[in-house]
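Enquirer: Below are the sequence and a predicted model; questions follow.
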Amino acid sequence: MAKRNTFREDEELEEQINLHDILRIGVYLKPYKARVIRILAVVVMMSCIAGGGIYHQPYLVDKVLNNDGSVFEVRQHQEPYALGVSQKTLELIKQGLMGVAQPGGTASYFANLPKPMAAKTGTAENPHGRDHGLFVAYGPTDAPELVVAAVVEQGSFGSTSAGPIVYKVFEEWFREEGLIPSQAVK
């Protein structure tokens, strides 16, 4: 059986992705057909845009607790910093991302959510089968709180494969926030 091309981290293709690369991924995925696309890099890119051009280093651990609940260690994290992208450029990018999630956009079904969203669909070429679908969104656009991304290997277009997964996550998040009525358990 032939090995499938996946989004898993590949030690041979390990490389540093800079802001230019991340923005290229956010605009058009086809040039990356032979490279590993790291979903975290896409989420960080979207977070930087949603956050007004401020980079926040992602982390998994905030603090380590003892068995009794007392704090054993508080982890130090890099201070957020501005990327140096002009507000005009950020606003143009945001407008484009919001257009994706509005009627007439490639993910217009996001307009059914209770607050405006911003999104990017993507397709990564796969020389070993169907293309991979990617989708990333943030919202609500007036006060961003959440960035969600999904990849569906061999899922073809991101708007039809990964997009509905991201939509369901936001739908549940809005339900938890009380903006969508809870569904009765059947």
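Expert: Happy to help now that I have it.
Enquirer: any weak-confidence spans in the protein?
Expert: Along the chain, segments meeting pLDDT under 70 span 1-37, 184-186.
Enquirer: all strands for it, in order.
Expert: Assigned by DSSP state E, the strands in the chain fall at 54-55, 63-65, 71-74, 81-82, 118-124, 132-139, 146-152.
Enquirer: where does residue 77 fall, phi/psi-wise?
Expert: Phi and psi for residue 77, reported as degrees, to the nearest 10, are phi -120, psi 150.
Enquirer: switch to numbering from 2
Expert: Renumbered: residue one is now 2, and that last one reads residue 78.
Enquirer: how close does it get to residue 177?
Expert: Between residue 78 and residue 177 the computed distance is 26 Å (CB to CB, to the nearest Å). All C-beta spots, glycine's among them, are computed from the backbone N, C-alpha and C.
Enquirer: the helices in this structure, which residues?
Expert: Under the criterion DSSP state H, the chain carries helices at the ranges 20-28, 40-51, 88-101, 164-177.
Enquirer: Burial-wise, tell me which of those comes out on top.
Expert: Comparing the helices of the chain by mean neighbour count (mean count of other CB atoms under 10 Å), helix 40-51 ranks first with a mean of 20.
Enquirer: Which strands and helices lie in contact with that one?
Expert: Applying 3 or more CB pairs under 8 Å, 6 or more residues apart in numbering; DSSP states H and E, we find helix 40-51 packed against helix 20-28, strand 55-56, helix 88-101, strand 119-125, strand 133-140, strand 147-153.
Enquirer: so which of the strands of the chain comes closest to residue 94?
Expert: strand 119-125 (9.1 Å; CB to CB).
Enquirer: what angle do that closest one and strand 133-140 make?
Expert: Put simply, strand 119-125 runs at 170 degrees to strand 133-140, going by axes from the mean of the first three to the mean of the last three CA atoms, to 10 degrees.
Enquirer: for strand 119-125, packing partners?
Expert: The contact analysis (3+ CB pairs under 8 Å, 6+ apart) places strand 119-125 against helix 40-51, helix 88-101, strand 133-140, helix 164-177.
Enquirer: Now render these as a markdown table, adding distance to residue 82.
Expert: Shown next, in a markdown table, are the helices and strands packed on strand 119-125 (distance: least, CB to CB, whole Å):
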| stretch | distance to residue 82 |
| --- | --- |
| helix 40-51 | 10 |
| helix 88-101 | 15 |
| strand 133-140 | 19 |
| helix 164-177 | 28 |
